[in-house]
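> Got a sequence here, can you model it:
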Amino acid sequence: MSTSAVTSPKRKYDILIWGATSFTGERLVEYLAANAPGDTRIAIGGRNQTKLEGVRARLSAKHPSVSSAIEAMDIVIGDSADAARMHEIAAQTRVVASTVGPYALYGTNLIRACVDEMTDYCDITGEVPWVKQMHCELNDQAVNSNVHIASLCGFDCIPADLGCMMLAEHAREHFKEPLLHVKGSIVGIRGGVSGGTLATMSSQISTEAKGVLSSQIATHKPSTSNSKQFKKRGIIHYDKTLQRWQTYWLMSSVNSATANWAGSVLGYGPDFEYEESMSTRSLVHAVAIALGLFYGLILMMFSVTRRALYALKIIPKPGEGPSESFTQRGFFSLHMEASTDNHTFYGKVAGSSDPGYGETIKYLGESALCLAFDRDESFRPGVYPPSVIMGNALLRRLRNKNCVFRVSDEPIPAIESSKKHV
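As a prediction, this is how the structure comes out:
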């Protein structure tokens with residue numbers, strides 16, 4: 001087994017981008033080439049040498065200002081199914097940033113290798129059951145070896161995860177009270193989706209069988225929080241603070257599970273609870289969105305209907321995704337209403353590019369840089385969400401990249417929250 005990933009002089013790379021030929025992976029190469037310190041040693045990895053060489057050549061020509069950094073990236077070849085090769089690869093780098101999903105199918109050997117080789121790791125999965133499985137299997141070993149395995153570092157679930165951490169710290173510092181409840185509302189969003197993301201979603205729905213669809217929609221239950229203000233909310237409800245009808249948000253179960261897990265580990269407050277929904281224009285609009293999501297998930301469950309959706313170009317195939325111009329026009333805004341025993345206050349998390357790609361790449365890239373260069377005694381080893389592992393170090397990085405994370409004692413109007421530029 002290798003020596004410490006932080007202190008070993010034998011590590012050839014600072015960061016390995018695993019899955020660099022994927023839609024998301026290629027954009028991560030661009031991001032790190034432009035944003036990593038000039039002496040950062042970066043490698044790109046995957047199964048296909050020719051495709052990886054193509055990514056490097058294409059991006060070098062596209063970005064002449066950082067072409068030397070891209071051309072300097074070594075290529076590392078391996079197959080996620082080859083456990084021995086994953087160990088050889090993990091031993092070469094201080095940090096792995098993985099974009100290879102579905103992670104339950106392609107990520108397990110790599111995470112095991114990272115823990116064994118004392119290599120830090122981050123990814124953008126939203127597959128909470130798989131992350132919990134990795135936690136149960138590997139957390140004790142990771143803690144004992146001082147290894148940091150940070151999953152859920154994309155749009156799932158950085159806004160909710162770091163947003164709740166920010167609010168919990170505000171409650172402790174300003175009110176001297178524990179945080180009991182946070183209600184998140186997506187009040188503005190524009191973004192696309194890649195075929196890889198949809199493939200991950202369909203795999204998760206299929207493999208987790210009975211429960212996933214119900215956990216995504218049907219089991220959205222009213223809050224059990226101690227705060228009376230937040231009780232008895234259904235899938236569709238009216239929010240008095242925002243003065244808007246709310247409906248089911250596709251990522252709510254993933255974000256809620258992650259924020260609640262982090263809240264339990266970090267001790268936000270007794271029975272802390274995060275729940276999330278989406279603001280709509282009217283009651284009719286809320287019902288239409290809920291029904292559309294329900295039937296969309298039904299169609300994604302079956303291979304026959306998925307193939308039909310691909311053929312009709314209703315959804316992108318794996319490897320396809322939104323254009324660069326569309327990504328730049330994207331945005332999102334998350335309004336957060338928090339409560340302690342005696343106070344209600346508010347938060348806002350927002351981004352000014354496509355949440356699934358522009359912001360996700362920023363989140364993953366800064367997570368990798370944070371693990372590579374910011375590690376200190378405040379970092380918590382183990383297999384956890386990003387707030388637990390990197391905490392304020394990552395929050396500072398994201399704020400420095402113009403990601404909005406702010407707290408207010410007064411309600412933040414929905415119309416302000418939905419602007420692209422804030």
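> Any stretches of this protein with poor pLDDT?
By pLDDT under 70, the low-scoring segments of the chain are 1-9, 192-232, 295, 297, 299-302, 306, 309-327, 414-422.
> Need the outlier residue of it, farthest from its centre.
What lies farthest from the middle of the chain is Asn342; by C-alpha atoms, centre = their mean that is 31.8 Å.
> How about residues contacting stretch 91-98?
With C-beta atoms under 8 Å, 6 or more residues apart in numbering as the test, stretch 91-98 has contacts from 2, 5-6, 11-19, 28, 43, 76, 89-90, 107, 110, 114, 117, 119-124, 364-365, 367-368, 371-372. Just so you know, the C-beta spots here come from the backbone N, C-alpha and C atoms, and that holds for glycine as well.
> Try it again at 7 Å.
Contact with stretch 91-98 is made by 2, 5, 11-19, 28, 43, 90, 107, 110, 114, 117, 119-123, 364, 368, 371-372, as judged by C-beta atoms under 7 Å, 6 or more residues apart in numbering.
> Correct me if wrong: the residue farthest from the centre of the chain contacts Lys176.
No: the criterion here is C-beta atoms under 7 Å, and Asn342 misses it with Lys176 at 9.9 Å.
> Mutual contacts of these two, please.
Common neighbours of Asn342 and Lys176 (C-beta under 7 Å, 6+ apart) do not exist.
> State the distance from the residue nearest to Gly78 when sequence neighbours are not counted to Val76.
With sequence-adjacent residues excluded and distances taken as C-beta to C-beta, 6 or more residues apart in numbering, Gly78 is closest to Arg85, at 4.3 Å. When distance is defined by C-beta to C-beta, to the nearest Å, Arg85 is 10 Å away from Val76.
> cool, Val100 as well?
Where Val76 is concerned, Val100 sits at a distance of 13 Å (C-beta to C-beta).
> what do you get for His285?
Distance from His285 to Val76, by C-beta to C-beta: 48 Å.
> now do Val383
Counting by C-beta to C-beta, the gap from Val383 to Val76 is 23 Å.
> Looking at these two now, which is surrounded by more residues?
Remark: of Val383 and Val76, Val383 carries more neighbours, 27 against 22, as counted by other C-beta atoms under 10 Å.
> sec struct for the more buried one, please.
When classified by DSSP: H, G, I helix; E, B strand; the rest coil, Val383 comes out as strand.
> Surely it and Met134 touch.
Yes: counting by C-beta under 7 Å, Met134 is a contact partner of Val383 at 5.2 Å.
> Helices of the stretch 101-250 of the chain, residue ranges please.
Counting by DSSP state H, counting those that start in this stretch, the stretch 101-250 of the chain has helices at residues 103-106, 108-116, 128-145, 158-170, 195-207, 209-213.
> For the residue positioned nearest the centre of the chain, which non-adjacent residue is spatially closest?
Central residue check for the chain by C-alpha atoms, centre = their mean: the C-alpha nearest the mean position is that of Gly154, 2.2 Å away. With sequence-adjacent residues excluded and distances taken as C-beta to C-beta, 6+ apart, Gly154 is closest to Ile124, at 3.3 Å.
> ok, Met73 - contacts?
42-44, 56.
> what about it, distance to Asp374?
Distance from Met73 to Asp374, counting by C-beta to C-beta: 22 Å.
> again with Glu137
27 Å.
> Kindly report the same for Thr21.
Taking C-beta to C-beta as the measure, Thr21 falls 28 Å from Asp374.
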